[in-house]
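Colleague: here you go, sequence then predicted model.
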Amino acid sequence: MSGLNRMYSLLLHVYPRDFRREYGPHMRQLFRDRCRDLSHTSGWRAALRFASHIAGDLASSAVRERASALWSAARQPGRRGFISEWAATIIMYLFAATTVVQAYVVPTGSMEGTIRIGDHLLVDRVGYAHPGPVGRHILPYREIRRGDLIVFRYPEDIRQTYVKRVIGLAGDRIRLENKQVIRNGSRLVEPYTQHVSPYTEPYRDNFPLAPDAYTTPLGRDMLAHHVENGELVVPADSLFVLGDNRDNSADSRYWGFVPRRNVIGKPLLVYWSYDAPTEDLKDWNFGHVLDVAEHFFTRTRWDRTLLVPRSEPAQELP
Amino acid sequence: MAKARPREDSQPLTPPVFHILMALADGERHGYGIMHDVARQTAGALQLGPGTLYGCLKRMLAARLVEESDERPDPALDDERRRYYRITPLGDRAVRAEARRLADAVSAAIAKRLLDTRKPTIAGGKA
């Protein structure tokens, strides 16, 4: 209980200073009262409802109090409060926008079947960000597992952001045999994958082999140093990732491992999915704006709106 | 024509403000007491969180609809001191005006047959 109270006290810093000084103690008191009420009614559903209620209350009333603080500061020019209120608000916005969630659009089809071209994603940047020894007890952090979807910086060019599925963790032995992944000797059943080509390509579908024309320098480095007995061995602090659209995906097979520090987060939600060609999604152009204005209702994939892309562990066959 | 009423009386109140004033209509309460009473008035539909409640109280204090009473412990709860609030004459006028306005709106809705005024029956029972 005291941990919860401490956390609530910390969260009160989202309010303007004057408001916090005046009402903070009373709000903490009310929060304690509500917690005590809750402890009489057991059940995690009630706890969840309470938590989301408190979060909603914090968010909506903090925005309102900040706006009103800005408004009253603006009417008293020359006061120090004006600058500090604006600074605090902007910093808080930047923190929320860049730290907690970030929006991305997916322009290519390597995860087709799970994530489609034109999906606009919210990415949770907290879940996989290592919070250190103290933070890990209060933040919703968890280790990356096999089958998780991750968003990360592309190792060959960190300005690009990719989304793929984690197939191998450090120490895992990986190979592909006729399009099937064999991990640590077990054949994986992966219901989330799709295969669009009936043909088998040597490197793509029977991996690892000698590099082919598409293998990048980092991919060649991986093949040169991390293959043992015809299997790829994932080194420490690295991940082996594949696209769900397995026959048409540039992934770890071609450009090597994802260093753990390149991981940004996990896809949280598809907030909007719009049927548009890759080039329009990559570079925002005026034609695309017109296209959206004209076809918003017909080309929005309504069935994908608010969809949650799932992490799915593959079944392992002996 | 009716004489123009003072502005603060004729302005519609937001639901939280209206319910907080109603909670204070029959005596002083502290924040937790207000929250409880509002939940009871609305059959749990309006749960005031700490931020919403104290944000409203701040604005209501500024508008002189309520005033701070003193800080004292609530014998029914624990030994903590709590700040009590009470309604002002202006707040009393405002809540009465709002109740009147809502009642008028309800009468109009009934006249337009938008509201079912039959007594509720037990679900599944014959009317």
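Modeller: That came in fine, so what should we check first?
Colleague: show the contacting residues for the residue nearest to the spatial centre of chain B.
Modeller: Centroid-nearest residue in chain B: residue B:19, 1.8 Å away (criterion: Cα atoms, centre = their mean). Neighbour list for residue B:19: B:38, B:41, B:42, B:46, B:48 [criterion: Cβ atoms under 8 Å, 6 or more residues apart in numbering or on different chains]. (Each C-beta comes from the backbone N, C-alpha and C, glycine too.)
Colleague: run a quick neighbour tally on the fourth one.
Modeller: The reference is to residue B:46. If you count neighbours by other Cβ atoms under 10 Å in any protein chain shown, residue B:46 ends up with 16.
Colleague: checking the one residue in chain A that gets nearest to chain B next. Helix, strand or coil?
Modeller: Closest approach between chain A and chain B, counting by Cβ to the nearest Cβ: residue A:57, at 2.5 Å. Following DSSP: H, G, I helix; E, B strand; the rest coil, residue A:57 is assigned to helix.
Colleague: and the helices in chain B, which stretches?
Modeller: B:7-10, B:15-25, B:31-41, B:50-62, B:89-111 (DSSP state H).
Colleague: now do the stretch 101-250 of chain A
Modeller: A:132-138, A:202-205, A:217-225 (DSSP state H, counting those that start in this stretch).
Colleague: just give me the longest strand of chain A.
Modeller: The longest strand of chain A (DSSP state E) is strand A:263-273.
Colleague: buried sites along that one?
Modeller: A:263, A:264, A:265, A:266, A:267, A:268, A:269, A:270, A:272, A:273 (16 or more other Cβ atoms under 10 Å in any protein chain shown).
Colleague: can you tell me which of the residues you listed is nearest residue B:112?
Modeller: Within the buried residues of strand A:263-273, the smallest distance to residue B:112 is 39.1 Å, found for residue A:272 (Cβ to Cβ).
Colleague: which residue, other than its chain neighbours, is closest to that closest one?
Modeller: residue A:120 (4.2 Å; Cβ to Cβ, 6 or more residues apart in numbering or on different chains).
Colleague: how about low-confidence regions in chain A?
Modeller: Scanning chain A for pLDDT under 70 picks out the ranges A:1, A:42, A:76-82, A:97-99, A:130-140.
Colleague: so which residues on it come close to chain B?
Modeller: Proximity of chain A to chain B (Cβ under 8 Å from any Cβ of the partner chain) is limited to residues A:15, A:19, A:22-23, A:26-31, A:33-34, A:53-54, A:56-58, A:60-62, A:64-65.
Colleague: quick one, which of those residues are buried?
Modeller: A:15, A:19, A:23, A:26-31, A:33-34, A:54, A:57-58, A:61-62, A:64-65.
Colleague: just to revisit the earlier point, redo the contacts of residue B:19 as TSV? Include pLDDT.
Modeller: Listed next are these as TSV, based on pLDDT from 0 to 100:
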residue	pLDDT
B:38	95
B:41	92
B:42	91
B:46	89
B:48	92
